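1. Based on what follows, work out the 3D shape:
(4 chains)
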Amino acid sequence: MTPELLVDVILAVGLVALSLRVVSGGELFRDIVVFIVFGLVVALSWARLGSPDLALAEAAIGAGVTGALMLMAYRRLASRSGGASGDRSRRLRLAAPVAVLAGTAVAIIGLAALGIDGASDSGGAAALAALPATGLGNPVTGVLLMFRGLDTLLELVVLLVVLLGAWAMMIPGPPPALHLVSRDTPLVAALLTIAAPLCVLVAVHLLVVGADEPGGAFQAGAVLAAGGVLLVLTGVLRPSREAGPVIRLAVLVGPAAFVVVGVSAMAFGRPVMELPGLWAVYLIETAMMISIAVTLSLLFGRSGGFRRGGP
Amino acid sequence: MTTEALAGLVFVPLVAGMVAMLLPARAAGVLVIAALALVPVLLWPVTLAVWHGGPVLVELGGFGPPLGIVWRADPLALSMLWFTALVALLVSLHALAGFRPETAEGRRFWPQWPILIAAINALYLSADLFNLYVTLELVTLGAVVLISVGSKSVAMIAAMRYLLLALMASLFYLLATALIYGQTGTLDLYLAGERLQDGTLAAAALMLMITGLLLKSAIFPLHMWLPAAHGNAPWSVSAILSALVVKASLYIVLRVWFWTAVGIDTQMAATFLGVLGAIAILYGSLAALVQERLKMLIAYSTVAQLGYVMLLFPLASTAAFRGVTMHLVAHGFAKAAMFLAAANILRALGHDRLRRMTGIDQKLPIDLAAFALAGVSIMGLPPSGGFLGKWLLLEAAWARSGWGWMAVIVLGSLIAAAYVFRVAALSMFGSGRAGRVEVPRTLASMTALALALVAIALGFAAAPFFALIDRGLPPGMLP
Amino acid sequence: MSSLAVYVVAAAAVFGVGVYGLIVADHVLRKLLALNMMGSAVFVLMVAVSGSAQGRPDPVAQALVLTGIVIAVAATAFALALLVRIHHDTGRVTLSERGDDDD
Amino acid sequence: MSLSESIGLALVGLGCVFYLAGTVGLLRFPDVFSRLHALTKADNLGLLLVCTGLAVLEASWRVALLLASIWLLGLLAATVSAYLIARHAHHAGAAGRPAAEGERP
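-> Residues are numbered from 1 along each chain as shown, chains lettered A, B, ... in the order given. Prediction:
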């Protein structure tokens, strides 16, 4: 067994063990924390599978944002645990066999699919072939923005729809303050002065290098949102009920930039959704980053907008 | 011109929804209706192009298969687009009369609703397995949001159940998409169909995909979530769900089955799906017959009517395909009419209990007429569109000597007649009298009536409709 | 056994565990945890079975998974908002069948 | 194996030993404060050793700079979070109390 394979086996065993821990039904808070650790191991697995883009996305969005949202919801639910209902024992008896069956079926299908040689002129090969002409270095960014841009645009619209839904689900009355610690607490001010600008720096870095190296608008947006969450938790920003015009525009700017560039291509006799060049990629990705960061922060704060918090 | 029009079908409602986020509710409503009124206009050049030159293809961003996403407007897509456009416009007018701009529901409804239409249009146009996934997620999430817009606990719990099932269904679909991409190297529906080798792996992929999609379309026995969600959704939203949203995932099943799985032996699976459809017809109709509330009755009727679509798989002939397309469209109009009429009755009476509706024939004549006319199409009486759909299915079953299928179709129509007449009878001759009645706005009643009339009138427009459908039959079916 | 096969088996196992969690959980938050783990398993499978180009995973498959991750987070976020609202209005965190069809 | 490689590997190994010690302390120590004590002290040193070892192995100034910033960020995060946890524990009155079974990480 080579050292690489050993690492893979350790990660794989870790994945299964952590997932078992999550469903084994202990204290809910601890299960959520274990779930976040599970997400981080998934991120390591992505790195081992040769996909740093996904490793970054999984760590920032999959584990980070999902975990933060789960913890926030847990706090709101006042740690009420589910009462056992009457049919629980019957379901428990069924659960294990069904789960084993599902896992086995997926394993058989997956292993069989591994053995098949796909078509040589696959979409991936075509993407790599078309990449040099675009000026991009990262094929994943190429697929997301240039080759299959509609998927990405609609994905931004999904975020928008979810935000509208979360707004509709807002609990009546003023949103409760979220901050756990005040800015006056020693050390927290120091953390803010260092971490908040650093989040912006890292986000911009991820955005810029995303054209050629792993990174991109989604990862950058998630990092920026983490900075926003920090500001909310320390009370620098306080949730407010109504979304002001600035917030609304910030939420819309990502999909809007994509639509405007994609549609105006037709005015120049080009195919719809074609991007005219690298500048368009950077423009759209910047706009996307802003929208994603603001949307995720709002979803976290479960609020319509933000206002500056008092001291 | 055609490409621009196709792009407009998606981008006009999408941008309208985005701009509506920035406007006060009344202005948003007017803007949304203007945008939705533009959609049928945009459909004309596309329809003409398809009529004269066959399916229209657009490679998005200039990248075609195996890499890029292709929009493909063929007759099946067009008929769905037309039906969506008209239903959406009439439902919007109904909503304008109901979702008062000053209420929270009104503010929430207007940005969401055109985005849902944009997603549905993008779904009908898409010929790409992954793009279909994204659009379907958008449709599902949009629908879940709309169900919960009224903040009614029962509706929100139903929405949550629907959302959890839909998330699971998406995983099935995604896994299948990965298997197909791994084998064929493309996500294009048609190219994947050409490259897909018949075998266990392809069969497993298709099985996974179709299971996921049937879960989302609430086909028996995966229908549990539908009645509670559709029966408790607010005001105009039930009509949107039952007429438009469930059709989206069913449409993908038809696409994948008849255009991608062409080289796969699906005989046994087809019979199985047909049996599921038959059970859905009988179970849904009987359940509708015993409901106590009007909206729940209509919701169970949807479970039954979706079952007819499933009969296409075992029958698989030109007549059946024409019949099912007609049925999809006619059911959409009729069901939207029924739910809008029910919404008016619910608002007028403050409840929709069937036993306490006596006398509404005097006070709400237009709404009851809309319900009855839509009922004519649902039970399949001539000359309605519903009649033609069921008749063609009967013809297809006759040609195959499928006596069992024929019996199910006839029985389903009979029970449908029973539950429609039950509503009419209770509202005219029942014992419990309706209390104070608040007559709904004329616009709300007229939209319901207009939708019901379209469902009937489809029977007269059959010749051009079928001529269009014949220009894009699935491979292996001859006009 | 290759590295890819190791991850495929692990992903299948996690998928099964997720199915188990989905069935036995009453609390909606737990169901969402299970669903998210099933999602991760499917994403790993998607990249693993889609083959590779020039020694790295297929870029199209990677882009699909990236889109899938974001959609999963979005759906989870809405589910949580809905859950918090349901809990606020009814005090419930489960979906057990109790008088759901009437109001 | 060259000299620099063996030095680098030795440093990484030593760092792992400190991590192990920190983790054992986290699991075995009785109350919040001593746990934090074990965790922050040992792990920060472990991180420093691992980063230094990796920098020696990589032998590039750019990587060394990145690793140094990783260590500093790690220090910052550990400091602030340990402080906040300790403050919370102090306010909650859990200071001297041995950890209950449910609190074990």
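2. how about the residues of chain D near chain A?
-> Counting by C-beta under 8 Å from any C-beta of the partner chain, chain D comes close to chain A at D:73, D:76, D:79, D:80, D:83, D:84, D:87, D:102. Quick note: C-beta positions are derived from backbone N, CA and C, even for glycine.
3. Show me just the buried residues among those residues.
-> Neighbour-count burial (16 or more other C-beta atoms under 10 Å in any protein chain shown) is assigned, among the residues of chain D next to chain A, to D:76, D:80, D:83, D:84.
4. Please report the distance of the last one from residue D:32.
-> In other words, residue D:84. 12 Å (C-beta to C-beta, to the nearest Å).
5. wait, residue A:150 sits on residue B:63?
-> No - at 10.6 Å, residue A:150 does not count as touching residue B:63 under the criterion of C-beta atoms under 8 Å.
6. Now do the shared contacts for the two.
-> Residues touching both residue A:150 and residue B:63 by C-beta atoms under 8 Å, 6 or more residues apart in numbering or on different chains: residue B:69.
7. ranges for the helices of chain D?
-> Assigned by DSSP state H, chain D shows helices spanning D:3-28, D:32-58, D:61-92.
8. Out of the ones you listed, flag the one nearest chain B.
-> Nearest of these to chain B, taken as C-beta to the nearest C-beta: helix D:61-92 at 32.7 Å.
9. If you count contacts, what does that closest one end up packed against?
-> Counting contacts by 3 or more C-beta pairs under 8 Å, 6 or more residues apart in numbering or on different chains; DSSP states H and E, helix D:61-92 is packed against helix A:188-209, helix D:32-58.
10. Close to chain C: what parts of the stretch 151-300 of chain B are there?
-> Residues of the stretch 151-300 of chain B lying close to chain C by C-beta under 8 Å from any C-beta are B:151-154, B:156-161, B:163-164, B:167-168, B:170-171, B:174-175, B:177-179, B:181-182, B:185, B:187, B:227-228, B:231-232, B:292-293, B:296.
11. Weed out the non-buried ones from these.
-> Among those, those buried by neighbour count (16+ other C-beta under 10 Å) are B:151-154, B:156-161, B:163-164, B:167-168, B:170-171, B:174-175, B:177-179, B:181-182, B:185, B:187, B:227-228, B:231-232, B:293, B:296.
12. quick one, what contacts the residue in chain D positioned nearest to chain A?
-> In chain D, the residue that lies nearest chain A is residue D:80 (4.6 Å; C-beta to the nearest C-beta). Shown in contact with residue D:80 (C-beta under 8 Å, 6+ apart): A:187, A:188, A:190, A:191.
13. continuing past the helix or strand encompassing residue B:81, what's the next helix or strand?
-> Element membership of residue B:81 [criterion: DSSP states H and E] is helix B:75-98. Later in the chain than helix B:75-98, the nearest helix or strand by DSSP H and E is helix B:104-125.
14. pLDDT on the next helix or strand after that next one, on average?
-> Beyond helix B:104-125 in the direction of the C-terminus, DSSP H and E gives the next helix or strand as helix B:129-148. For helix B:129-148, the mean per-residue pLDDT is 92.
15. Can you mark which positions in the host helix or strand of residue A:246 are buried?
-> In the assignment (DSSP H and E), residue A:246 maps to helix A:245-267. Buried residues in helix A:245-267, counted by 16+ other C-beta under 10 Å: A:247-259, A:261-263, A:265-266.
16. Domain map for chain B?
-> B:1-157+B:220-256, B:266-474 (automatic domain parsing).
17. Out of these, which is the most enclosed?
-> Across these, averaging neighbours per residue (mean count of other C-beta atoms under 10 Å in any protein chain shown) puts domain B:1-157+B:220-256 on top, at a mean of 23.
18. Go ahead and name everything in contact with stretch B:133-140.
-> A:151, A:154-155, A:157-158, A:161, B:115-116, B:119-120, B:122-123, B:126, B:163, B:166, B:170, B:173-174, B:177, B:216, B:245, B:248-249, B:252, C:67, C:71, C:75.
19. tell me which residues of the strand or helix carrying residue A:105 are tucked away?
-> According to DSSP H and E, residue A:105 maps onto helix A:88-114. With burial defined by 16+ other C-beta under 10 Å, the residues of helix A:88-114 counted as buried are A:88, A:95, A:98-99, A:102-103, A:106-107, A:109-114.
20. Closest to residue D:62 out of these?
-> Using C-beta to C-beta, the shortest approach to residue D:62 within those belongs to residue A:114, at 37.4 Å.
21. Spatially central residue in the chain, please.
-> No chain was given, so I picked chain A. residue A:61 (2.6 Å; C-alpha atoms, centre = their mean).
22. You answered for a different chain; I wanted chain C.
-> Central residue of chain C (C-alpha atoms, centre = their mean): residue C:36, 2.6 Å from the mean position.
23. wouldn't that residue be in contact with residue C:75 here?
-> No - applying C-beta under 8 Å, one finds residue C:36 not in contact with residue C:75, separated by 9.5 Å.
24. Now chain A against chain C: closest residue?
-> Counting by C-beta to the nearest C-beta, chain A gets nearest chain C through residue A:103, at 2.3 Å.
25. Tell me if stretch A:116-126 is near chain C.
-> Yes - part of stretch A:116-126 sits near chain C under the criterion C-beta under 8 Å from any C-beta, namely A:117, A:118, A:122, A:123, A:124, A:125.
26. Out of the helices and strands packed on helix D:61-92, which is closest to residue B:399?
-> When the helices and strands packed on helix D:61-92 are compared (using C-beta to C-beta), the closest one is helix A:188-209, at 61.2 Å.
27. so the following helix or strand past the closest one versus helix A:188-209, what angle?
-> Following helix A:188-209 in sequence order, the next helix or strand is helix A:217-233 (DSSP H and E). With axes from the mean of the first three to the mean of the last three C-alpha atoms, to 10 degrees defining the directions, helix A:217-233 sits at 170 degrees from helix A:188-209.
28. For helix A:217-233, name the packing helices and strands.
-> Here helix A:217-233 touches helix A:52-57, helix A:188-209, strand A:237-240, helix A:278-301, going by 3+ C-beta pairs under 8 Å, 6+ apart.
29. wait, does the second one contact chain D?
-> Yes - in terms of C-beta under 8 Å from any C-beta, part of helix A:188-209 sits within range of chain D, namely A:188, A:190, A:191, A:194, A:195, A:198.
30. If I look at the second one, what pLDDT would I see?
-> Meaning residue A:190. At residue A:190, pLDDT is 78.
31. Which residue is the nearest non-sequential neighbour of the residue in chain A positioned nearest to chain B?
-> Nearest residue of chain A to chain B (C-beta to the nearest C-beta) works out as residue A:122 at 2.8 Å. Closest residue to residue A:122 apart from its sequence neighbours, by C-beta to C-beta, 6 or more residues apart in numbering or on different chains: residue B:185 at 2.8 Å.
32. Noted, bye for now.
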